[in-house]
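Starting from these lines, generate the structure:
(2 chains)
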Amino acid sequence: MPSASDPSSTTTIRRPTVTVARAGRVVLLVVLVAAVVSFPSLAPNPYILSAGILVLNYALLSTSWNFVGGFTGYISLGHGALAGLGAYGTGLLVTRAGLPSFLALGVAALVVAALAVPIGYAALRVRGASFVIVSIALVLVLLLVFQSWASFTGGSRGLTVPRPFPDLLRPEHHRVFWFLFAGLLALALLVWWLIDRSRFGLGLKAIREDEDKAESLGIPTFAYKLVVFVVSAGFTAAAGGLYALWFGDLDPVFQFSILTGSYLVLMALLGGVRTLFGPLLGALVVGTALEYFKVEYGGTPLHLVATGLLLALVVLFMPDGVLPAVAAMLDRFRPAQQSIREVTAAELREQRESGVRAETELAATRPGTPSTRERA
Amino acid sequence: MTSGALIFQSVVLGLLLGGLYALLASGLTLYFGIMRVVMIAHSAFLILAAYLAWWSHTRFGVDPLLSLVVTVPLFFAAGVLLQRGLLSRLRPATLTMMSVLLTFAIAVIIEGLLGYAFTGTQRRIQLGYGTANLELFGARIAVVKLIAFGLAAAALLTLYLLLKRTTFGWALRATIQHPDAARLVGIDTNRVAGHGFGIGLATAAVGGTALALDTTIYPSLHWHWIGPLMAIIVVGGLGSVPGAAAAAMVLGLTQSLLQIPLNTTWAQTVFYLALLATLAFRPQGFFGGRLAQRF
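Okay, the predicted model is just below:
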């Protein structure tokens, strides 16, 4: 095709990169799924598998956190408490009410989601600062309540949750829960992806970028924030409940820990809050590091220092996360990526028109091309 | 049996505690006013100051009050550095959220380093006058609590005079009210903001020393303080120093009175109940001004 010269050449340059990127994404997704499916058989011993489940649990919690943190930019340090509520809710429903394990998990997640409505109502009516304060207060007050109300919650002695599959041996038990966690994570990722592509998601992102402008455009900001907070709380509580069924032993100090909440934030920020797989990647890095630190250095308070330093570094130097930083680096090597400032508005209009023409196969009849004129 | 003397004693203790809360909350309010920053690390610095007071007492045998000579200038410098070196480097668009994370990180680092240096063991200063009591209309008030209150009151008074009577105070209040206008009339708002943070952190030094006099301290104690303090600044109306002081007195008193029928832990939940109720029904707080409307 000799006549389809320059205008279509701009599209032919762009198209392969798009398809390459898409193919790369599909390959990555397949690799990820394959890795998740094969990990239980590859894990050399049950300890590694259980450590893997912990990391998966973090990935799930962090992805759930990212419904609020990623879309709206409201940073919650209290999601550890929502997970703790889900865990205790599941445990208490099983032990006190005698519900079957997984029904208890579902009910607990719904109850926590319902509880998130009044909490969100108080936290989200005003802007940012109050939300953070409420999220921290939530952890502190729940810790107080669950430690003090010993007759109901077991207090500081903890709460033992019976296993859902009493017949399974420990390695088998781990294997089953690995796939349960992976399934819930896949569901959370799917919902995040769907919201990301929806009108609702656009509204949420507008809130993140500029809440005043979003509001003036007619987005019901308060309702949007509340809905996404409730969704996030539901997923977080379900993750906590699943953890309770898997681990079988709950201690208020660990369930209502502000540190857990900060781990989730660190993971999501490190991976990149605006990307689907960012929190998952962050959980892989931070979760593995946490497990390693626990094995190597045990209970010294140095893990606090390490967490704090890492968090401070991420906030100061990489607030958008690793994934966007890598993407920006890759962009430099991509061909035909012009900064918009190098093109005038008139040239841009011509390019767009010629692009449309190329799409409708009209370009073949027009030899006079913008890019040749550009060159002249 | 709740006798009148017991209630009177609780009222006095509540007021004394409220004074300490008021001093600490004033620091938090300053940060929020200057930069819209919720400074999570404030109470960690409080515990750090308490540890320094304890350490100077056990190591050198000096009175813990003397440690103020070192900690107040030190904390002032740390505050200036914190604002100039770290917080002012954050992007303005996401400042409120990111500053929370940054100060949270600092709080965790301080807690970890304290645990590393002094272990997690509970510490307490043994003073000659530590067990002395004062009889007042049938109520027994520990002398150290009175000293702590005196310290807090003196620091608050100094802060008040500084803000109202000095040129620096005017500049600081102008910076809080309208940074652009303050710059137009020739105020170096960056410098003033840094010094404001220094003063805020200096209140933590005074508060920490007062706290060390009659409290058992341990590295993770700061979480027990940051919750009530944040509740106080929200109830008082974010950014309002008198509001924070009033809320501190009212809530400190309520907590102290609730300790009669309930135990200590349940009594502390009053702060969180007040926080939720305030945000749900009067989000701008009870004494808040223009600033609080939007946060």
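
wait, A:Leu302 sits on B:Gly112?
Yes - the criterion here is C-beta atoms under 8 Å, and A:Leu302 meets it with B:Gly112 at 6.2 Å. Every C-beta, even on glycine, is put in place using the N, C-alpha and C of the backbone.

Mind checking which of those two has more residues around it?
The neighbour comparison of A:Leu302 against B:Gly112 (other C-beta atoms under 10 Å in any protein chain shown) goes to B:Gly112, with 22 against 15.

what's the helix or strand for that one?
Here B:Gly112 sits within helix B:95-118, counting by DSSP states H and E.

What's the first helix or strand after that helix?
For helix B:95-118, the following helix or strand on the C-terminal side (DSSP H and E) is strand B:133-136.

List the buried residues for the helix holding B:Gly112?
Neighbour-count burial for helix B:95-118 flags B:95-115 (criterion: 16 or more other C-beta atoms under 10 Å in any protein chain shown).

same thing with stretch A:83-90?
For stretch A:83-90, by 16+ other C-beta under 10 Å, it's A:Ala83, A:Gly84, A:Leu85, A:Gly86, A:Ala87, A:Tyr88, A:Gly89, A:Thr90.

List phi and psi for B:Ala142.
Per-residue torsions, B:Ala142: phi -70, psi 140 (degrees, to the nearest 10).

ditto for B:Ala171
phi -60, psi -40.

List the residues that contact it.
Shown in contact with B:Ala171 (C-beta atoms under 8 Å, 6 or more residues apart in numbering or on different chains): B:Ala182, B:Ile187, B:Val192.

Mean confidence (pLDDT) on the helix holding B:Gly112, please.
Across helix B:95-118, pLDDT averages out at 91.

could I have that helix exported to PDB, CA atoms only?
Taking Å, rounded to 0.1, in the frame of the first residue of the first chain, the C-alpha atoms of helix B:95-118 are listed here in PDB:
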ATOM      1  CA  LEU B  95       0.000  17.100  52.400                       C
ATOM      2  CA  THR B  96      -2.600  16.300  55.000                       C
ATOM      3  CA  MET B  97      -2.600  12.600  54.200                       C
ATOM      4  CA  MET B  98       1.100  12.100  53.600                       C
ATOM      5  CA  SER B  99       2.100  14.100  56.700                       C
ATOM      6  CA  VAL B 100       0.000  11.700  58.800                       C
ATOM      7  CA  LEU B 101       2.000   8.800  57.400                       C
ATOM      8  CA  LEU B 102       5.300  10.600  57.800                       C
ATOM      9  CA  THR B 103       4.700  11.600  61.400                       C
ATOM     10  CA  PHE B 104       3.300   8.100  62.000                       C
ATOM     11  CA  ALA B 105       6.600   6.700  60.700                       C
ATOM     12  CA  ILE B 106       8.500   9.000  63.000                       C
ATOM     13  CA  ALA B 107       6.400   7.900  66.000                       C
ATOM     14  CA  VAL B 108       7.100   4.300  65.200                       C
ATOM     15  CA  ILE B 109      10.800   4.900  64.800                       C
ATOM     16  CA  ILE B 110      10.900   6.700  68.200                       C
ATOM     17  CA  GLU B 111       9.000   3.900  69.800                       C
ATOM     18  CA  GLY B 112      11.300   1.300  68.300                       C
ATOM     19  CA  LEU B 113      14.500   3.200  69.300                       C
ATOM     20  CA  LEU B 114      13.200   3.700  72.900                       C
ATOM     21  CA  GLY B 115      12.400   0.000  73.100                       C
ATOM     22  CA  TYR B 116      15.900  -0.800  71.800                       C
ATOM     23  CA  ALA B 117      17.700   1.600  74.100                       C
ATOM     24  CA  PHE B 118      15.700   1.100  77.300                       C
END
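
Please name the residues that touch A:Ser262.
By C-beta under 8 Å, 6+ apart, A:Ser262 lies in contact with A:Leu77, A:Thr307, A:Leu311, B:Leu101, B:Phe104, B:Val108.

quick one: contacts for the fifth one?
Meaning B:Phe104. A:Leu77, A:Ser262, A:Gly308, A:Leu311, B:Ile40, B:Ala41.

Let's test this: name the helix or strand in the chain with the lowest mean pLDDT.
Just going to use chain A. Across the helices and strands of chain A, mean pLDDT, DSSP states H and E gives its lowest value to helix A:370-375, namely a mean of 42.

wrong one, I was asking about chain B
Taking mean pLDDT, DSSP H and E as the measure, strand B:133-136 is the helix or strand of chain B with the lowest mean score, a mean of 71.

how about the strands of the chain, start to end?
Unless you meant another one, I'm taking chain A. A:159-160, A:249-250 (DSSP state E).

looking at chain B here, not the other one
Counting by DSSP E, the strands of chain B are B:133-136, B:139-142.

could I get those strands as TSV with distance to chain A and mean neighbour count?
Shown next, in TSV, are the strands of chain B (distance: least, C-beta to the nearest C-beta, whole Å; neighbours: other C-beta atoms under 10 Å in any protein chain shown):
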stretch	distance to chain A	mean neighbour count
strand B:133-136	29	11
strand B:139-142	25	16
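
closest one to A:Val37 among the ones you listed?
strand B:139-142 (64.7 Å; C-beta to C-beta).

how far does that closest one sit from the chain's center?
Centre-to-centre, strand B:139-142 and its host chain are 24 Å apart (C-alpha atoms, centre = their mean, to the nearest Å).
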